[in-house]
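[1] predicted model, plus sequence, below.
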Amino acid sequence: MAERYGPWAFGWYGNVDEDPCAGALIRKPLGGTADDLDAQVQGYTAVLLEWRSWLEELAALFAESAPDVDAAAGEEERRRSRERGVAPVVALVVERTGAGELWRATCARTLTWYLESTGMSSEDAEELADDVVDGEFESWVAPDAEAVGKARDIIGKHGA
């Protein structure tokens with residue numbers, strides 16, 4: 001599918017889960033059997049469209065949270081932008097996943113993408129997001145304002 005539609009089509013498969021409490025982003029079953037190609041195509045299409053919708057929602061949120069960050073921005077501006085985006089990103093992930101069992105992996109991946117959008121290297125963004133999620137958030141628990149504030153502070157201090 002990525003060959004046909006582009007690299008955005010990667011990443012959704014691990015999110016498919018029929019259990020609404022699991023915390024997966026994409027909960028549509030793929031459906032169909034090996035003999036029912038039409039049902040398989042419909043299932044994959046529905047999942048891919050839901051994944052695309054998620055990516056577009058994130059892109060809009062990232063642009064809203066960090067509208068002025070570009071290559072010419074100074075490190076202090078990037079740091080403030082990173083801080084601003086933490087709470088909305090976490091809130092959106094919690095809303096979409098219901099803070100189920102798998103929500104933290106989605107949160108770490110989403111925070112990584114957000115941090116990359118503010119100019120942080122992929123490696124640093126992934127390490128920082130993993131550290132924040134592992135250190136401040138719990139499975140099956142939506143973070144309270146204090147936990148999100150601590151996460152924001154940790155991310156804000158990075159690179160300061």
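    Right, received. Where do you want to start? Everything numeric here is computed off the predicted structure, so don't read it as measured data.

[2] so which elements touch the lengthiest helix in the chain?
    Across the chain, the longest stretch assigned as helix under DSSP state H is helix 37-65. Contact analysis of helix 37-65 by 3 or more Cβ pairs under 8 Å, 6 or more residues apart in numbering; DSSP states H and E lists helix 75-97, helix 103-117 as its packing neighbours. Where you see a C-beta, it was placed from the backbone N, CA and C, and this is true even at glycine.

[3] tell me who's in contact with the residue nearest in space to the middle of the chain.
    In the chain, the centroid-proximal residue (Cα atoms, centre = their mean) is Thr110; its distance is 2.3 Å. Thr110 makes contact with Leu58, Val89, Leu92, Val93, according to Cβ atoms under 8 Å, 6 or more residues apart in numbering.

[4] report the two of those separated the most.
    Within the contacts of Thr110, Leu58 and Val93 form the most distant pair, 9.4 Å apart (Cβ to Cβ).

[5] who has more neighbours, the two?
    Val93 (27 against 18; other Cβ atoms under 10 Å).

[6] just the buried residues of stretch 90-97, please?
    Within stretch 90-97, the residues that count as buried by 16 or more other Cβ atoms under 10 Å are Val90, Leu92, Val93, Val94, Arg96, Thr97.

[7] hmm, who's touching that stretch?
    23-25, 54, 57-58, 61, 103, 106-107, 110-111, 142-143, 148, 151.

[8] at 10 Å what do you get?
    Residues outside stretch 90-97 that contact it (Cβ atoms under 10 Å, 6 or more residues apart in numbering) are 15, 22-27, 54, 57-58, 61, 99-100, 103-111, 114, 132-133, 136-137, 141-143, 147-148, 151-152.

[9] centre of the chain to the helix or strand bottoming out on mean pLDDT in the chain, how far?
    In the chain, no helix or strand scores lower on mean pLDDT, DSSP states H and E than helix 2-5, which sits at a mean of 78. Centre-to-centre, helix 2-5 and its host chain are 21 Å apart (Cα atoms, centre = their mean, to the nearest Å).

[10] kindly report the same for stretch 103-120.
    Per Cα atoms, centre = their mean, the centroid offset for stretch 103-120 relative to its chain is 6 Å.

[11] please apply the same query to stretch 103-123.
    7 Å.

[12] ditto for stretch 85-92
    Centroid separation for stretch 85-92 versus its chain: 10 Å, with Cα atoms, centre = their mean.

[13] could you export it as CSV, CA atoms only?
    Output of stretch 85-92 as CSV, limited to C-alpha atoms (Å, rounded to 0.1, in the frame of the first residue of the first chain):
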residue,chain,number,x,y,z
GLY,A,85,2.4,21.4,22.1
VAL,A,86,2.7,18.8,24.8
ALA,A,87,-0.7,19.2,26.4
PRO,A,88,-2.7,19.3,23.2
VAL,A,89,-0.9,16.3,21.7
VAL,A,90,-1.3,14.2,24.9
ALA,A,91,-5.0,15.3,25.1
LEU,A,92,-5.7,14.3,21.5
